[in-house]
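In: task: produce atomic coordinates for the following.
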Amino acid sequence: MTKGGRKVIFTLKKGIKSNWGNELTAKDVKYTWDRHFALKGVGGFFIGVLKLKSPDAVKVEGPYTISFETDNPNPVMLTMMVNLYNPIFDGTKMQQVAKPGTSGRSTS
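Out: Alright, predicted model coming up:
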């Protein structure tokens with residue numbers, strides 16, 4: 001944590017693959033959260049609980065590093081990140097199979 005607990009940085013384990021065989025990276029985490037913002041639904045619940053203001057609150061810091069920044073420290077951040085209803089989507093595959101207007105923001 002940095003900035004008095006307002007910014008949390010996660011480092012992903014290298015080599016973890018989706019069921020389609022693509023390595024999951026920080027870009028996939030960003031894609032997942034951009035999609036949460038775009039589509040609402042269950043993702044909207046996570047956004048609200050974590051008090052994320054916009055997709056810009058989630059930043060790719062490196063190939064396997066992602067950060068989340070809030071206005072105030074959030075004691076449930078870690079709990080929400082490991083919730084079974086909050087998976088990391090394979091952004092590569094999702095963008096390949098998505099219908100226009102349904103995939104959320106691009107990670108490009």
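In: switch to C-alpha atoms for all contacts and neighbour counts from now on
Out: OK.
In: so where's this structure shaky on pLDDT?
Out: Residues of the chain meeting the criterion pLDDT under 70: 1, 3, 101-108.
In: mind doing that once more with 90?
Out: In the predicted model of the chain, residues 1-5, 39-46, 74-87, 95-108 satisfy pLDDT under 90.
In: all the strands of it, residue numbers only.
Out: For the chain, strands defined by DSSP state E occupy the ranges 7-11, 58-62, 65-69.
In: given the second one, what are its sheet partners and their directions?
Out: Using DSSP bridges, the strands paired with strand 58-62 are strand 65-69 (antiparallel).
In: relative to strand 7-11, how tilted is the longest helix belonging to the chain?
Out: When the chain is scanned for its longest helix (criterion: DSSP state H), the result is helix 26-39. Interaxial angle, helix 26-39 versus strand 7-11 (axes from the mean of the first three to the mean of the last three C-alpha atoms, to 10 degrees): 130 degrees.
In: which ones are touching the residue lying closest to T65 once chain neighbours are set aside?
Out: Leaving aside its sequence neighbours, T65 sits nearest to T11 (C-alpha to C-alpha, 6 or more residues apart in numbering; 4.5 Å). By C-alpha atoms under 8 Å, 6 or more residues apart in numbering, the residues touching T11 are 64-66.
In: F37: which of these is nearest?
Out: I66 (16.5 Å; C-alpha to C-alpha).
In: most neighbours, which of the contacts of T11?
Out: In terms of neighbour count, I66 stands highest of these at 21 neighbours, by other C-alpha atoms under 10 Å.
In: so who does that residue touch?
Out: 9-11, 26, 29-30, 58-60.
In: coming back round to it: okay, the contacts of T11 in TSV with distance to Q95 next?
Out: Formatted as TSV, the contacts of T11 follow (distance: C-alpha to C-alpha, whole Å):
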residue	distance to Q95
Y64	20
T65	21
I66	20
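In: closest to T2 among these?
Out: Nearest member of the contacts of T11 to T2, counting by C-alpha to C-alpha, is I66, at 13.0 Å.
In: which residues does the closest one bridge with?
Out: Beta-bridge partners, per DSSP bridges, of I66: F10, V60.
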